[in-house]
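Visitor: Sequence and predicted model, in that order:
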Amino acid sequence: DQQVKQNSPSLSVQEGRISILNCDYTNSMFDYFLWYKKYPAEGPTFLISISSIKDKNEDGRFTVFLNKSAKHLSLHIVPSQPGDSAVYFCAASEGDDKIIFGKGTRLHILP
Amino acid sequence: EPEVTQTPSHQVTQMGQEVILRCVPISNHLYFYWYRQILGQKVEFLVSFYNNEISEKSEIFDDQFSVERPDGSNFTLKIRSTKLEDSAMYFCASSGGGGFDNSPLHFGNGTRLTVT
């Protein structure tokens, strides 16, 4: 039962261009969404989040967009930098004690 | 910046043996979690712990699993009798509470458990 889906296992983007990572969810009770970034041999690191009452949240080069009617969110990184190469996890919470992760998308930033 | 630390980084054990995975959460955090990631799969919630008791657990967290905060700083995950399918990366996390917008989860670097 995949409540949080990241359908692209990997994505390659040229350095300096925009990276767009997508995420879909099925549980309409989710009210909080997060993106985590993970480097090899490290734990996930919190990147950015958005509450279900908003449709956009921006933090520097990172912007998360939420489309509740489509149950879809996306993470935009612009401009993409080599250090952005990592696995990105979309995650969601019902406001309870746990967050549900997607399977992740591996982002490769090409020189 | 404060970190969540986990030991050991890699644990190899034989099927049927007990293992204890150790974590030191960030010192002023109040909520503690264990997640796991089987190779090639998603990060899965196991259990959350607050005020010295389990607040929520997943279907994965059966009677073979237990958690403890023995001394106010460590947070441990015990697997009583390991199975091959318990092989995974286990992540400890902590948060300050007040909702994930105020205090997102901070993860440790994980313990890779290999059951042979």
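Guide: Happy to help now that I have it. Numbers count the residues shown, from 1 in each chain, chains lettered A, B, ... in the order given.

Visitor: Name the nearest residue to the residue in chain B that chain A sits nearest to, ignoring sequence neighbours.
Guide: Using Cβ to the nearest Cβ, the closest approach of chain B to chain A is made by B:F107 at 3.2 Å. Placement of C-beta: from N, CA and C, glycine included. Nearest non-adjacent residue to B:F107, counting by Cβ to Cβ, 6 or more residues apart in numbering or on different chains: A:G43, 3.2 Å away.

Visitor: Tell me which residues touch that neighbour, please.
Guide: By Cβ atoms under 8 Å, 6 or more residues apart in numbering or on different chains, A:G43 lies in contact with B:4, B:91, B:93, B:107-110.

Visitor: Apply 7 Å and report the result again.
Guide: B:91, B:107-110 (Cβ atoms under 7 Å, 6 or more residues apart in numbering or on different chains).

Visitor: Just the ones in strands from those, please.
Guide: B:91, B:107 (DSSP state E).

Visitor: filter the contacts of A:G43 to the buried ones?
Guide: The neighbour-count test (16 or more other Cβ atoms under 10 Å in any protein chain shown) marks B:91, B:107-110 as buried among those.

Visitor: Give me the nearest residue to A:F30, chain neighbours excluded.
Guide: A:F30 sits nearest to A:A92 (Cβ to Cβ, 6+ apart), 4.1 Å away.

Visitor: quick one: the closest residue to B:Q64 other than its chain neighbours and A:C90, what's the gap?
Guide: Computed as Cβ to Cβ, 6+ apart, the closest residue to B:Q64 that is not its neighbour in sequence is B:R80, at 4.8 Å. Distance, B:R80 to A:C90, by Cβ to Cβ, to the nearest Å: 33 Å.

Visitor: neighbour count winner among the two?
Guide: A:C90 (26 against 13; other Cβ atoms under 10 Å in any protein chain shown).

Visitor: which residue does chain A bring closest to chain B?
Guide: Taking Cβ to the nearest Cβ, chain A has A:G43 as its residue nearest chain B, at 3.2 Å.

Visitor: Which strands border whichever strand or helix holds B:E44, and is each parallel or antiparallel?
Guide: In the assignment (DSSP states H and E), B:E44 maps to strand B:43-50. Here strand B:43-50 has these sheet partners by DSSP bridges: strand B:31-37 (antiparallel), strand B:53-57 (antiparallel).

Visitor: Stretch A:103-111 vs chain B: in contact?
Guide: Yes: shown here: stretch A:103-111 in contact with chain B (Cβ under 7 Å from any Cβ of the partner chain) through A:103-104.

Visitor: how about that stretch: buried residues?
Guide: Here stretch A:103-111 shows A:103-105, A:107, A:109 as buried, counting by 16+ other Cβ under 10 Å.

Visitor: Please flag which of those residues sit within strands.
Guide: Residues of the buried residues of stretch A:103-111 located in strands (DSSP E): A:105, A:107, A:109.

Visitor: Any residues of chain A in contact with chain B? List them.
Guide: Looking at chain B, the residues of chain A close enough under Cβ under 7 Å from any Cβ are A:32, A:34, A:41-44, A:46, A:49, A:51, A:89, A:93, A:96-104.
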